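In: Here is the input, now give the coordinates:
(one chain, ligands or ions: 2)
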Amino acid sequence: MGVGDGQNFHEELTFDAARHDGFTFGGAAVPYAIAAKFAWPDRAVVGLVGDGATQMNNMAELITVDKYWKTWSDPRFVICVFNNEDLNQVTWEQCVMAGDPKFDASQRIPDVAYHRFAELIGLKGIFVDRPEDVGQAWDEALIAGRAVVLEVK
Ligand SMILES: Cc1ncc(C[n+]2csc(CCOP(=O)(O)OP(=O)(O)O)c2C)c(N)n1
Ligand SMILES: [Mg+2]
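Out: Ligands and ions are numbered 1, 2, ... in the order given. The predicted structure follows:
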């Protein structure tokens, strides 16, 4: 999660919601991004979230975002969801540390249209699946004038 004013990137505050003393907890990024926005409502907040973590708790907390985003003086708030239909960090660990092939029963997760869920609850949703469109998608997200879910497939 990064908090910046869009100009002074050297002053940017970043916080990795998935890491604390080596322990990782999924589902924290959107709540932490909300907290950052309440601390600095006049600055842009960006949250970067895996699709598995999004399905844990972060989708529910997008409802909280919709409850409050109109009260933030700077509306820039972007949750970027990386939709790889995989709990990839664990898939990777199981492969590298145990030599196991990907175990689809636990590692393959549903393909959810996160950008459409965002629209359903009142946020702006943007979908991008071509590398050459990613830059423009971020531009669109940051000038949207409202909270955005940017889904990267
Ligand atoms: C609440 C919780 N449950 C399970 C885990 C174990 N875990 C660590 S990383 C990970 C996979 C995350 O997948 P995703 O969010 O899709 O990110 P990706 O690795 O695919 O980019 C899981 C399940 C966790 N950290 N927290
Ligand atoms: Mg994933």
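In: Flag every residue of the chain that's near ligand 2.
Out: Contact residues (C-beta under 5 Å from the ion) of the chain with ligand 2: 50-52, 84, 86, 88. Every residue, glycine included, has its C-beta placed from N, CA and C.
In: Now, of those, which are buried?
Out: Buried members of the residues of the chain next to ligand 2, counted by 16 or more other C-beta atoms under 10 Å: 50-52, 86, 88.
In: show me where pLDDT drops low in the protein?
Out: 1-13, 15-24 (pLDDT under 70).
In: For ligand 1, give me its nearest residue in it.
Out: Nearest to ligand 1, among the residues of the chain, is residue 50, at 2.2 Å (C-beta to the nearest ligand atom).
In: Name all residues that make contact with the residue lying closest to that residue once chain neighbours are set aside.
Out: Of all residues not flanking residue 50 in the chain, residue 82 sits nearest, at 5.5 Å (C-beta to C-beta, 6 or more residues apart in numbering). In this structure, residue 82 makes contact with 48-51, 152, judged by C-beta atoms under 8 Å, 6 or more residues apart in numbering.
In: before we move on, what about residue 105?
Out: If a contact means C-beta under 8 Å, 6+ apart, then residue 105 has no contacts.
In: Let me see the backbone angles for it.
Out: Backbone geometry at residue 105, expressed as degrees, to the nearest 10, gives phi -60, psi -30.
In: Cheers, nothing more for now.
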